[in-house]
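[1] sequence and predicted structure, then a few things I'm wondering about:
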Amino acid sequence: MTLGDRFDGFLFDLDGVVWRGEEVIPGAAQTVARLREQGKRVVFLTNNASRSPRQYAVKLMRMLIPTQPADIVTSGHVVISHLRKIGLKTGDRVHLCAAPGLAQLLRGDGLVPTSHTTGVQALVVAWNPKLTFEDIRRAADVARADVPFVAANNDATYPGEDGLLPGSGAILAAVEVASGRKATVVGKPKPEMVRLALERAGTEPSRTLVCGDRPETDVAGARSAGVPVALVLTGVTLESDLASLTERPDWILRDVSELLAEQTAEASSADPVVVADGLRRPASGAEGNDEREAGDEPADVREKGDASAPELS
């Protein structure tokens with residue numbers, strides 16, 4: 001039996017799980033294809049709102065992972081949901097300190113993204129690899145005007161091909177310090193994105209597995225939504241980080257291809273099972289079970305073979 005056999009749906013983070021920058025992570029495309037062949041539902045979710053769902057679908061296609069835009073959930077969807085909940089209406093103007101992909105998503109929902117600093121009903125900050133000093137200045141001016149201030153996420157870093165890049169959290173910190181205001185952060189680890197992805201998957205929480213690379217967002221977000229979670233070591237988390245994890249996943253995988261690996265060690269007693277590299281998995285072995293003895297290692301690592309968007313208005 002494989003770990004993948006236990007679940008009907010899979011919610012894959014993108015950055016650090018499926019790809020690093022423009023490079024697909026080895027085994028990711030084959031794993032998604034096999035899961036789909038088995039009738040499993042696969043939905044992608046990401047804190048990175050710099051691209052629209054259509055742009056993400058195009059990128060997945062380039063990596064030989066055909067996907068419909070409807071099967072991609074970004075923090076931009078959660079931003080829109082929050083803006084609607086606090087009263088923004090169709091036609092309202094939103095100052096956007098973010099990449100153009102988020103502007104596309106806002107337009108599609110009837111909101112008007114703009115770089116203007118007056119006559120706006122909200123400020124949204126998200127990741128933008130082409131951020132300028134002027135972008136920060138304008139966003140801070142809007143924040144000081146006391147309009148609703150929303151952040152897609154506060155991730156400190158972003159995994160690229162050549163290492164970690166400054167993430168949305170670094171941009172957000174600059175705007176917060178310059179304005180003296182704190183934003184409402186709506187992406188992971190808040191549960192809303194996972195819940196929205198669950199709706200897209202159409203699977204039960206207990207029969208769905210989140211796969212992510214970042215403990216403080218992916219693992220914590222899955223936990224807050226009551227969904228089992230696997231942490232993969234292809235993104236920001238290294239094997240050397242495992243002993244100090246504060247957010248403990250149900251499983252630890254070297255990469256997502258291990259979802260299809262036959263499990264060679266099954267736990268059957270109250271004692272942890274020692275598996276590869278001395279790492280251990282909770283003895284219960286149950287999806288979503290977080291009852292562990294103090295001091296236990298968090299999870300199981302198994303050995304394996306190995307369009308450009310329109311500018312803001």
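    Arrived safely. Numbers count the residues shown, from 1 in each chain.
[2] for the helix or strand Val150 falls within, give the mean pLDDT please.
    Secondary-structure assignment from DSSP states H and E places Val150 in strand 149-151. This predicted structure assigns strand 149-151 an average pLDDT of 98.
[3] now what about that strand, what contacts it?
    Counting contacts by C-beta atoms under 8 Å, 6 or more residues apart in numbering, the residues outside strand 149-151 that touch it are 79, 82-83, 122-126, 143, 168, 172, 179, 181-187. Yep, even glycine has a C-beta here, placed from its N, CA and C like the rest.
[4] likewise stretch 165-172?
    Contacting residues not belonging to stretch 165-172 are listed as 47-48, 97, 125-129, 131, 136, 151-159, 183, 185 [C-beta under 8 Å, 6+ apart].
[5] strands - which of the residues you listed land there?
    Within those, membership in strands is found for Cys97, Val125, Ala151, Thr157, Tyr158, Pro159, Val185, as judged by DSSP state E.
[6] which residues pair with the fourth one across the strands?
    Pointing back at Thr157 there. In this entry, Thr157 is beta-bridged to Pro166, by DSSP bridges.
[7] before we move on, what about the third one?
    For Ala151, the residues forming beta bridges with it (DSSP bridges) are Val125, Val185.
[8] residues of stretch 192-211 that come out buried?
    Using 16 or more other C-beta atoms under 10 Å as the burial criterion, the residues of stretch 192-211 that qualify are 192-198, 200-201, 203, 205, 207-211.
[9] which of those residues fall within strands?
    Thr208, Leu209, Val210, Cys211.
[10] using the three-state scheme, assign the residue lying closest to the third one once chain neighbours are set aside.
    Right, Val210. Computed as C-beta to C-beta, 6 or more residues apart in numbering, the closest residue to Val210 that is not its neighbour in sequence is Ala222, at 3.9 Å. Secondary structure of Ala222, reduced to three states by DSSP: H, G, I helix; E, B strand; the rest coil: helix.
[11] could you check which helix or strand contains Leu102?
    Leu102 belongs to helix 100-108 when assigned by DSSP H and E.
[12] residue contacts, the closest residue to Ala220 other than its chain neighbours?
    Spatial nearest neighbour of Ala220, excluding adjacent residues (C-beta to C-beta, 6+ apart): Pro189 at 3.5 Å. Taking C-beta under 8 Å, 6+ apart as the contact definition, Pro189 lies against Glu216, Thr217, Ala220, Gly221, Arg223, Ser224.
[13] so Pro189 is in which element?
    Element membership of Pro189, judged by DSSP H and E, is empty: it is in no helix or strand.
[14] may I see the contacts of Pro189 organised as CSV, with distance to Leu106 and neighbour count added?
    Below are the contacts of Pro189 laid out as CSV (distance: C-beta to C-beta, whole Å; neighbours: other C-beta atoms under 10 Å):
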residue, distance to Leu106, neighbour count
Glu216, 27, 17
Thr217, 22, 24
Ala220, 26, 20
Gly221, 22, 29
Arg223, 29, 22
Ser224, 25, 15
